[in-house]
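Undergrad: just need the structure, nothing else, for what follows:
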Amino acid sequence: MPPGVTVVDHPLVRHKLTLMRTGDTGTAEFRRLLREIALLLGYEVLRDLPLATRTIETPLAPMESPKLEGKKLVLVSILRAGIGLLDGLLDLVPAARVGHIGLYRDPETLEAVEYYFKVPGHLDDRMLVIVDPMLATGNSAIAATARLKAAGARSVKFLCLLAAPEGVAAFRAAHPDVPVFTAAIDDRLNDHGYIVPGLGDAGDRLYGTK
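TA: The predicted model follows:
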């Protein structure tokens with residue numbers, strides 16, 4: 001396993017990912033499965049959220065009990081497919097702040113081109129989790145992470161559903177301080193920059209636009 005990369009291989013994650021890979025899985029089921037996997041992946045990526053102890057009253061006795069502390073977590077979706085992961089994470093942490101980065105991949109160069117950027121303030125005091133289903137060439141993830149660092153982010157993680165070895169290598173070379181969490185690392189990229197075997201275009205399958 002590459003350093004700084006966590007593959008969440010829980011049986012439920014692997015099972016749901018198999019269903020998502022299957023070509024005849026419809027849009028509604030694909031969307032539901034992505035949301036469910038996001039919630040499962042969220043347990044791992046958010047494992048080190050800071051806690052503080054407070055005194056509470058149970059029905060039987062007072063006790064010291066942990067509670068999240070610090071500024072609200074920020075979830076940043078790379079549009080458009082990142083929204084599918086975002087929904088599941090918000091089920092887990094409904095109070096999280098949300099940012100969006102609009103990027104599209106130039107079909108000739110495969111480079112990321114930004115068209116939208118809106119994030120919460122005070123990023124330097126918050127943990128950020130960037131979400132995008134696919135880490136293929138890595139160009140969009142690299143660009144999004146650089147943009148957020150330029151805006152002040154210091155604690156950043158990247159969460160995806162699938163990754164290609166090429167994308168992992170490129171991202172880790174560009175941002176060695178940012179850990180990557182994924183459900184699987186597939187074999188390779190094809191000539192069009194798609195993950196193989198993969199699951200096709202995540203955005204198209206999520207929104208029924210293929």
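
Undergrad: which intervals of this protein have sub-threshold pLDDT?
TA: Scanning the chain with the threshold set as pLDDT under 70 gives 210.

Undergrad: now the strands for it?
TA: 5-7, 51-57, 62-68, 74-79, 97-105, 112-118, 127-131, 134-135, 155-159, 162-163, 180-182, 184-185, 188-189, 195-196 (DSSP state E).

Undergrad: out of these, deepest packed?
TA: strand 134-135 (a mean of 28; mean count of other C-beta atoms under 10 Å). For the C-beta atoms, the positions are set from N, CA and C on the backbone; glycine is no exception.

Undergrad: which strands and helices sit next to the top helix by length along the chain?
TA: Scanning the chain for the helix with the most residues, using DSSP state H, yields helix 27-45. Contacts of helix 27-45 with other secondary structure elements, assessed using 3 or more C-beta pairs under 8 Å, 6 or more residues apart in numbering; DSSP states H and E, are made with helix 11-21, helix 82-92, strand 155-159, strand 180-182, helix 202-207.

Undergrad: distance to L60 for the ones you listed - can I get that in a markdown table?
TA: As requested, those are exported to a markdown table (distance: least, C-beta to C-beta, whole Å):
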| stretch | distance to L60 |
| --- | --- |
| helix 11-21 | 34 |
| helix 82-92 | 28 |
| strand 155-159 | 38 |
| strand 180-182 | 38 |
| helix 202-207 | 46 |
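
Undergrad: figure out which of the ones you listed is closest to A136.
TA: Evaluated with C-beta to C-beta, the helices and strands packed on helix 27-45 place helix 202-207 nearest to A136, the distance being 9.8 Å.

Undergrad: other residues contacting that closest one?
TA: 20, 25, 27, 30-31, 34, 80-81, 83-84, 133-134, 161, 199, 209-210 (C-beta atoms under 8 Å, 6 or more residues apart in numbering).

Undergrad: contact partners for the residue lying closest to L46 once chain neighbours are set aside?
TA: For L46, the nearest residue in space outside its immediate sequence neighbours is V93; the separation is 6.9 Å by C-beta to C-beta, 6 or more residues apart in numbering. Contact analysis of V93 by C-beta under 8 Å, 6+ apart lists G42, L46, L73, L75.

Undergrad: one more pass at 10 Å, please.
TA: Counting by C-beta atoms under 10 Å, 6 or more residues apart in numbering, V93 makes contact with L39, G42, L46, L49, L68, K72, L73, L75, V129.

Undergrad: number of residues surrounding the fourth one?
TA: Neighbours of L49 under the rule other C-beta atoms under 10 Å: 12.

Undergrad: without its sequence neighbours, what residue ends up closest to it?
TA: L68 (5.9 Å).

Undergrad: didn't that neighbour look like it was pressed against L51?
TA: Yes: taking C-beta atoms under 10 Å as the definition, L68 is a contact partner of L51 at 6.3 Å.

Undergrad: residues touching the residue nearest to L49, list them.
TA: By C-beta under 10 Å, 6+ apart, L68 lies in contact with L46, L49, P50, L51, A52, V93, A95.

Undergrad: nice, that's everything, thank you.
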